[in-house]
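>>> Just need the structure, nothing else, for what follows:
(chains A, B, C and D)
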There are 2 protein chains.
Amino acid sequence: MKISTKGRYALRMMVDLAEHDNGGYIPLKDIAERQDITLKYLEQIIPQLTKSGLVRSYRGNNGGYQLTRRPEEYTAGEIIRALEGSLAPIACIEDEPNRCPRQKECSTVKFWKGFWDVVNEYMDSVTLADLIADHQEGQDAGAV
Amino acid sequence: MKISTKGRYALRMMVDLAEHDNGGYIPLKDIAERQDITLKYLEQIIPQLTKSGLVRSYRGNNGGYQLTRRPEEYTAGEIIRALEGSLAPIACIEDEPNRCPRQKECSTVKFWKGFWDVVNEYMDSVTLADLIADHQEGQDAGAV
DNA sequence: CCTTTTTCCTATATGTTTGCTATGATAACA
DNA sequence: TGTTATCATAGCAAACATATAGGAAAAAGG
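Next up is the predicted model:
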């Protein structure tokens, strides 16, 4: 039961974009260096965030990416879902065409639906602003 | 973020074993038929449950499998963990040797640890007896 | 013994996903 | 025209998921 690097890196990019927001566009190259992830891999991930309207892009010189909202207006859930798709733990509880016809007899459907609810609830209860606050705290604790 | 068939089938096997408990050993062949899963695949999954002490096996004629405790004494979490391993959503928050050395700088560790907690909390709050009760309910609702 | 029923062990196959890397086109600006 | 970016797409090795297959070993009944 793992979250792939795409979802994880997307979250880190969003935090990075928020923390280095200066009103302008931030080039992916800078994020790649700070986060220690190759530019080419991030280039493959970020289009999903643009398509989902979570960030805005601008090409050319002085181009880059920018958040479209304030950090407290994003939930971790929507960021991760933009990359991972539905967070359903098993496909058969989703809507058609994946929905399992054997649901009535199945002894575990309810359990899995409950799990899905819990997952979404947690993910959607944390905002990007919360992540930034956590990060600051972590940094402060590091400094002596 | 998916749970594999191994974890899901293991859970269904345990429910099946509990529901058809007659004091004796239940052959895997019967479970396979009832659950509509091939015997050969279940044969590959169940050894993990035996190793973890969740079920007892007996070979030969009239052999099969049997629960080692009462249904209310199992949590869904321990059953699934027996097959899936740790339910950590990302490897880097686990103990050595997977633990990430970059944890202090990382902006998302706390979030992922919190997620892991929520996952385990839910999984461990549901017992095998609960699953059986859910199942009966589902069956009753089906009958008119 | 021999047969049947079962668990147990291990190997193989096949398809999909993950996690990158690589190449180049297109846009914007100086 | 050069530089700095995003954007689009292709390729690829390794791991993982989901089985299938063949046969050994144990237990009990006849």
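>>> Name the residues of stretch A:80-87 that are buried.
Across stretch A:80-87, burial judged by 16 or more other Cβ atoms under 10 Å in any protein chain shown covers A:80-84, A:87. Every residue, glycine included, has its C-beta placed from N, CA and C.
>>> which other residues reach the helix or strand of chain A with the lowest mean pLDDT?
None of the helices or strands of chain A scores lower by mean pLDDT, DSSP states H and E than helix A:128-142, at a mean of 88. With Cβ atoms under 8 Å, 6 or more residues apart in numbering or on different chains as the contact definition, helix A:128-142 has outside contacts at A:11, A:14-15, A:18-19, A:70-76, A:79, B:104-111.
>>> Not counting its neighbours along the chain, what's nearest A:Asp124?
Nearest residue to A:Asp124, sequence neighbours excluded (Cβ to Cβ, 6 or more residues apart in numbering or on different chains): A:Gly77, at 4.0 Å.
>>> Tell me, how many residues neighbour the one you found?
Residues near A:Gly77, counting by other Cβ atoms under 10 Å in any protein chain shown, number 18.
>>> Next, the angle helix A:128-142 makes with the helix or strand hosting it.
For A:Gly77, the host element (DSSP states H and E) is helix A:76-84. Orientation check (axes from the mean of the first three to the mean of the last three Cα atoms, to 10 degrees): helix A:76-84 against helix A:128-142 gives 100 degrees.
>>> who touches the next helix or strand after helix A:76-84?
Past helix A:76-84, further along toward the C-terminus, the next helix or strand under DSSP H and E is helix A:109-125. The contact list for helix A:109-125 (Cβ under 8 Å, 6+ apart) reads A:75-78, A:80-81, A:87-90, A:92-93, A:100, A:103, B:1, B:3, B:8, B:11, B:76, B:114-115, B:118-119, B:122-123, B:126, B:130-131, B:134, B:138.
>>> ok, back up a step: any chance of a PyMOL selection covering the buried ones in the contacts of helix A:128-142?
Restricted to buried positions by 16+ other Cβ under 10 Å, the PyMOL selection for those reads:
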select buried, (chain A and resi 11+14+15+18+71+74+75+76+79) or (chain B and resi 106+107+108+109+110+111)
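>>> Using CSV, write out every CA atom in stretch A:122-140.
Presented in CSV, the C-alpha positions along stretch A:122-140 are these (Å, rounded to 0.1, in the frame of the first residue of the first chain):
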residue,chain,number,x,y,z
TYR,A,122,-7.4,12.7,6.5
MET,A,123,-6.0,13.9,3.2
ASP,A,124,-8.6,16.6,2.8
SER,A,125,-8.2,17.8,6.4
VAL,A,126,-4.7,18.9,5.8
THR,A,127,-4.0,22.1,3.8
LEU,A,128,-0.9,23.2,2.0
ALA,A,129,-0.6,26.0,4.7
ASP,A,130,-0.5,23.2,7.4
LEU,A,131,2.3,21.5,5.6
ILE,A,132,4.3,24.7,5.5
ALA,A,133,3.7,25.3,9.2
ASP,A,134,4.9,21.7,9.9
HIS,A,135,8.0,22.4,7.8
GLN,A,136,8.9,25.6,9.7
GLU,A,137,8.5,23.7,13.0
GLY,A,138,10.8,20.9,11.8
GLN,A,139,13.4,23.4,10.7
ASP,A,140,13.3,25.4,14.0
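>>> Tell me how far that stretch lies from the chain's centre.
Counting by Cα atoms, centre = their mean, to the nearest Å, stretch A:122-140 is centred 13 Å from the centre of its parent chain.
>>> For that stretch, buried residues please.
A:122-123, A:126-128, A:130-132, A:134-135, A:138.
>>> Next, format those residues as a markdown table and append distance to A:Leu28.
Listed next are the buried residues of stretch A:122-140 as a markdown table, based on distance: Cβ to Cβ, whole Å:
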| residue | distance to A:Leu28 |
| --- | --- |
| A:Tyr122 | 29 |
| A:Met123 | 25 |
| A:Val126 | 24 |
| A:Thr127 | 23 |
| A:Leu128 | 18 |
| A:Asp130 | 24 |
| A:Leu131 | 19 |
| A:Ile132 | 20 |
| A:Asp134 | 24 |
| A:His135 | 20 |
| A:Gly138 | 24 |
